[in-house]
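[1] could you work out the structure for the sequence below:
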Amino acid sequence: MEKTKYSIKDTLKSNIRKYTMLIALVAIMIFFEILTKGILLKPLNITNLILQNSYILIMAIGMLLVIITGNVDLSVGSVVALIGAVAANLMIKHNMSVVPVIFISLLIGALVGAWHGFWIAFVKIPAFIVTLSGMLLFRGLTLVILKGQTLAPFEKSYQVLSSGFIKDIFNGQNLHITTILVGIVFSIAYIFYEYKDRSNKIKYGFRVTPNRLVIAKIILIIIAINLTTYSLAVYKGIPNVLVLLFFLVLIYSFIANKTVVGRYIYAIGGNEKAARLSGIKTDKVLFWVYVNMGLLTALAGIVFSGRLNAAMPRAGQGFELDAIAACYIGGASASGGIGTIIGAIIGGLVMGVLNNGMSILGIGIDWQQAIKGLVLLIAVAFDAYTKSKVKN
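    Numbering: from 1, shown residues only. Now for the predicted structure:
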């Protein structure tokens, strides 16, 4: 009879990227928690970690789909700056209200993505060249719009998404009760999801992870969920942008794993020629992947400018490197076809914790850049090593 259970060794081997980066994230957090003498995991700093990295995580979701197709987008930092400049110009100089400003900003982001997608998908210019051109073009347009000056401040309602928190419907005094309940509800939902997923796999004869490993995984994740929500509850509760991130992760994980479009994206990254021969309209899929990247970059620009409460000519510099690094560190393959949304989020958190921990320790920006570059190189080298092991 064919085996219906993976051994622990098989499970770890088949999920080596995901588990390695998750373990690395936990190890880095423990390391900096010790070095910072408990500052890293204080409730205030955990909230700051979420707020400071939210826009990178939003871009990483879009960047992952681009990288899965075997391409890249180097323009996202400049587009973030452009969106902030447009929003500030419309709101501050032309007195436009928040809702139409957000709508126009998202539309501009989609048009930027369509611009890139046209040249890459239909004209067949390499994505590196097109998006490098976009980096220069949109940074230049930002300077033109702002005339080299900073525009501020935004309306308070514009900052709600980036700096606001969900309301405590129970009006807790020293503890945000709604946040605690959210943690409990998520824990129950996660247990149900794992049970349902495992039952379906057994029902249809798929191999499953050993019980003890599943139980250990569930316990650890439930502890992590409730410790996080408790830390948030001690401060101000759940940030609005965390709710946005949750829904983005949910939606894009579903698209990547459960839809035909998701399978097309992975197929293009695996072998574009074979995907085209199998009937996939690769040009259209690639075009819409870049439109999506532009849309999410615009959303990140709204969040970033709202948090900064200003539009600056040099805003967003280096964001493209952080977004790309988040995907590679989270297990995406440099050659395309491999990667997960959750992995990109984990990779983004690794970069965020590194940035935050080094800043608390007073490490200069020069050394921070060097260390992040080394981490990225190690992540890509690890990808190459694991792929060579699989081939052998």
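[2] which residues touch the closest residue to Ile221 other than its chain neighbours?
    Nearest in space to Ile221, with sequence neighbours left out and distances taken as CB to CB, 6 or more residues apart in numbering, is Tyr190 at 6.3 Å. C-betas here are computed from N, CA, C, even on glycine. Contacts of Tyr190 were listed using CB atoms under 8 Å, 6 or more residues apart in numbering, and they are 218, 221-222, 225.
[3] what strand or helix carries Ser253?
    Element membership for Ser253 (DSSP states H and E) is helix 240-258.
[4] now the element after that helix, going C-ward?
    Of the helices and strands lying after helix 240-258 in sequence (DSSP H and E), the nearest is helix 260-270.
[5] quick one: the helices in the stretch 251-392 of the chain?
    In order along the chain, the stretch 251-392 of the chain carries the following helices (DSSP state H, counting those that start in this stretch): 260-270, 272-277, 282-308, 319-329, 341-360, 365-391.
[6] ok so, going back, other SSEs contacting the helix holding Ser253?
    Using 3 or more CB pairs under 8 Å, 6 or more residues apart in numbering; DSSP states H and E, the elements in contact with helix 240-258 are helix 43-68, helix 160-163, helix 260-270, helix 282-308, helix 341-360.
[7] now the angle from the first one to helix 240-258?
    Pointing back at helix 43-68 there. 30 degrees (axes from the mean of the first three to the mean of the last three CA atoms, to 10 degrees).
[8] in helix 43-68, what's buried?
    45-47, 49-51, 53-68 (16 or more other CB atoms under 10 Å).
[9] do the same with the longest one
    The neighbour-count criterion (16+ other CB under 10 Å) identifies 282-283, 285-308 as the buried residues of helix 282-308.
[10] ok, now the shortest one?
    Within helix 160-163, the residues that qualify as buried are 161-163, counting by 16+ other CB under 10 Å.
[11] so which elements touch it?
    Taking 3+ CB pairs under 8 Å, 6+ apart as the contact definition, the neighbouring helices and strands of helix 160-163 are helix 43-68, helix 240-258, helix 282-308.
[12] roughly how far is the last one from the heart of the chain?
    What it means is helix 282-308. 12 Å (CA atoms, centre = their mean, to the nearest Å).
[13] report the angle between it and helix 240-258.
    170 degrees.
[14] for helix 282-308, packing partners?
    Using 3+ CB pairs under 8 Å, 6+ apart, helix 282-308 sits against helix 43-68, helix 76-88, helix 98-117, helix 160-163, helix 240-258, helix 260-270, helix 272-277.
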